[in-house]
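In: Next one to model:
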Amino acid sequence: MTAGNVLTSAIQLTLPIQQADDLTLQNFYGANNPLLLDSLSHALQQRQQQFFYLYGESGCGKSHLLKACCHLLFDHGGHASFIPLEQTSLFSPDVLDNLETQDLVCIDDLQAICGQLKWETALFDLYNRIKEQGKTILILSANQSPRHLPIQLNDLRSRLSWGEIHKLQPLNEQQKLTALQQRAYQRGLELPDEVGLFLLKRLERDSKSLFDTLQKLDQASLQAQRKLTIPFVKHCLQL
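Out: This is a model prediction of the structure:
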């Protein structure tokens, strides 16, 4: 299997067709990050700003934003690539070759390749090719700012500071409840406050875990033809 085929497989696993409508800029709860959402939307429409660096703690929505940007480009007939660096066991740095021909390149979890010279060099070269070609938007995510990320290649560290740098602010408990209820509503589910608060207290509190759990409850609710109540949730999740 070639590196390109492996990359395609990785993208398909990360972005299954049935989730395409779930990950959009519109359903990202952006109350804490309005300037970032506005800047990303403008850049994707006008193709002016080329480089974005997003960072924040796990579960704050970085992957959601990157996938949502890819979907927006797809919906408008563009070409986009999503590279999940936490899955680098599936592919080599060669997957970054020729990505300067894409309209959008989103590289997630940059911290996963820190200290790996081949990966750092390949990303440095991609930055330079994108800058030279001038047609591609590059969005990277990491768990730390460029200044604190343990990058070994100094030339790459300087590239990471090109363009806009945004720290994603985590949601407080009320905002997580609101985001969870909004996601439930989009699925045609009613999530009462007491059920949402029960989930927040009993489960991992990062957005991905909560939304994955909501998907399981959605399927269980459809099969059982039941509304979401605390007893039903306890039964489904074996809590």
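In: Quickly list the domain ranges of this structure.
Out: Annotated domains of the chain cover 29-167, 173-237 [the TED database].
In: What strand or helix carries the most centrally placed residue in the chain?
Out: By C-alpha atoms, centre = their mean, the chain has its centre lying nearest to Ser63, at 1.2 Å. For Ser63, the element it lies in under DSSP states H and E is helix 62-75.
In: Against which helices or strands is that helix packed?
Out: helix 34-46, strand 51-55, strand 80-84, strand 104-108, strand 137-142, helix 207-224 (3 or more C-beta pairs under 8 Å, 6 or more residues apart in numbering; DSSP states H and E). Bear in mind the C-beta positions are built from the backbone N, C-alpha and C, glycine included.
In: The first one versus strand 80-84: what angle between them?
Out: Here helix 34-46 points in a direction 140 degrees away from that of strand 80-84 (axes from the mean of the first three to the mean of the last three C-alpha atoms, to 10 degrees).
In: Now helix 34-46: buried residues?
Out: Going by neighbour count (16 or more other C-beta atoms under 10 Å), the buried part of helix 34-46 is 36-37, 40, 43-44.
In: ditto for the longest one
Out: For helix 207-224, the buried set under the neighbour-count rule, 16+ other C-beta under 10 Å, comprises 207, 210-211, 213-214, 217-218, 220-221.
In: now these in JSON lines, with pLDDT and distance to Trp119?
Out: Output for these, formatted as JSON lines (pLDDT from 0 to 100; distance: C-beta to C-beta, whole Å):
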{"residue": "Ser207", "pLDDT": "69", "distance to Trp119": "27"}
{"residue": "Leu210", "pLDDT": "79", "distance to Trp119": "31"}
{"residue": "Phe211", "pLDDT": "78", "distance to Trp119": "29"}
{"residue": "Thr213", "pLDDT": "88", "distance to Trp119": "33"}
{"residue": "Leu214", "pLDDT": "87", "distance to Trp119": "34"}
{"residue": "Leu217", "pLDDT": "92", "distance to Trp119": "38"}
{"residue": "Asp218", "pLDDT": "90", "distance to Trp119": "37"}
{"residue": "Ala220", "pLDDT": "92", "distance to Trp119": "41"}
{"residue": "Ser221", "pLDDT": "91", "distance to Trp119": "43"}
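In: So, low pLDDT: which residues of the chain?
Out: Within the chain, the segments meeting pLDDT under 70 span 1-22, 48, 205-207.
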